[in-house]
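Visitor: Here you go, sequence then predicted model.
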Amino acid sequence: LNRLPEGFRLLESMKNQGCEPSVVIYNTLVHAFCKKGSWNAGKRVMMQMMRSGCEPNEVTYNTLISGCCRVGEIAEALVLLESAKSKGYVPDVITMTKLIGVLCDEGRVYEAAELMQQMEAKGCPSDIIAYNTLIMGLCKAGKTKSAHKILRGMTVKGFTPNAASYNTLISGLCKDGKIDSAAYLVDEMENNGCTANAVTYNTLIHAFCVQDRVEEAFKLFNRMKIQDCVPE
RNA sequence: GCUGCCCA
């Protein structure tokens, strides 16, 4: 990583020899900077590649947007998203999910939900993980009720909630002190063909213990053994 | 050449 200047020098000599660096080479440099946490250096590389007549592609944008998300630079990420869109690029679900997650972390859940709406409207299909990320954001914002609504809504859109979906909501409810609703969700998840796993039980057992409801914790512990789910 | 989710 301290050899980035060398990379630049190499780039220069390539150009001097009339060998134009490919997009992939530029992207590699952008990635190196982003991994280091300096998206702005990455952006400078992008500007340089444009100056040399090499158009950034989807990967360039995905890399830079991810780099911004990694350090919580939301404003810049959104700017990049716009310029990507203006070039007709559709960032992939993974990049979008990172943005959604980072927006949620900042408490900007509403914008996150909107972003997801937009991508679906664009025919860029979201997926379970994107939904789970949003559900988590809603839980963190204390909106467990909306989170539950989303979880039910995703079924309608053809996505089957998985264990992580339910675990996220269960965890959110527990942190909100609503252990009983959380425990009830286990039934709901199993009625929907989703098996409770070790994370599910861990979450609930921990929550019951914290509230000194040890007998109930034990009940779950036994149930988990009956389902031969490996305790951690 | 980029790559996202659940408890502790």
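Guide: Here it is on my side, so go on.
Visitor: Is there a neighbour count for the single nearest residue of chain A relative to RNA strand B? I'd like the number.
Guide: Nearest residue of chain A to RNA strand B (C-beta to the nearest atom of the strand) works out as A:Val59 at 2.4 Å. Bear in mind the C-beta positions are built from the backbone N, C-alpha and C, glycine included. A:Val59: 17 surrounding residues under other C-beta atoms under 10 Å.
Visitor: likewise A:Gly42?
Guide: Other residues lying near A:Gly42 total 26 when counted by other C-beta under 10 Å.
Visitor: In this structure it contacts A:Tyr26, no?
Guide: No. Counting by C-beta atoms under 8 Å, A:Gly42 stays clear of A:Tyr26, with 9.9 Å between them.
Visitor: Return the set of buried residues in stretch A:76-96.
Guide: Residues A:Glu76, A:Ala77, A:Leu80, A:Leu81, A:Ala84, A:Tyr89, A:Pro91, A:Val93, A:Thr95, A:Met96 are the ones in stretch A:76-96 that count as buried (16 or more other C-beta atoms under 10 Å).
Visitor: cool, and stretch A:215-232?
Guide: Using 16+ other C-beta under 10 Å as the test for burial, stretch A:215-232 gives A:Glu216, A:Ala217, A:Leu220, A:Met224, A:Cys229.
Visitor: So which of those residues are in helices?
Guide: Residues of the buried residues of stretch A:215-232 located in helices (DSSP state H): A:Glu216, A:Ala217, A:Leu220, A:Met224.
Visitor: Now pLDDT too, for those residues, in CSV please.
Guide: Below are those laid out as CSV (pLDDT from 0 to 100):
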residue, pLDDT
A:Glu216, 96
A:Ala217, 97
A:Leu220, 95
A:Met224, 90
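Visitor: can I get these in JSON lines with distance to RNA strand B?
Guide: Formatted as JSON lines, those follow (distance: C-beta to the nearest atom of the strand, whole Å):
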{"residue": "A:Glu216", "distance to RNA strand B": "15"}
{"residue": "A:Ala217", "distance to RNA strand B": "12"}
{"residue": "A:Leu220", "distance to RNA strand B": "12"}
{"residue": "A:Met224", "distance to RNA strand B": "12"}
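Visitor: Show me the contact partners of the helix or strand where A:Val24 lies.
Guide: Using DSSP states H and E, A:Val24 maps to helix A:23-35. Contact with helix A:23-35 is made by A:1, A:4, A:7-8, A:11, A:39, A:41-42, A:45-46, A:48-49, A:54-57, A:59-60, A:63-64, A:66-67, A:70, as judged by C-beta atoms under 8 Å, 6 or more residues apart in numbering.
Visitor: list the buried ones in the worst-scoring helix or strand of chain A on mean pLDDT?
Guide: Every helix and strand of chain A was ranked by mean pLDDT, DSSP states H and E. The lowest is helix A:4-16, at a mean of 81. Using 16+ other C-beta under 10 Å as the test for burial, helix A:4-16 gives A:Leu11.
Visitor: Show me what it is packed against.
Guide: helix A:23-35 (3 or more C-beta pairs under 8 Å, 6 or more residues apart in numbering; DSSP states H and E).
Visitor: which of the residues in the helix it packs on are buried?
Guide: Buried residues in helix A:23-35, defined by neighbour count with 16+ other C-beta under 10 Å: A:Ile25, A:Tyr26, A:Asn27, A:Leu29, A:Val30, A:His31, A:Ala32, A:Phe33, A:Cys34.
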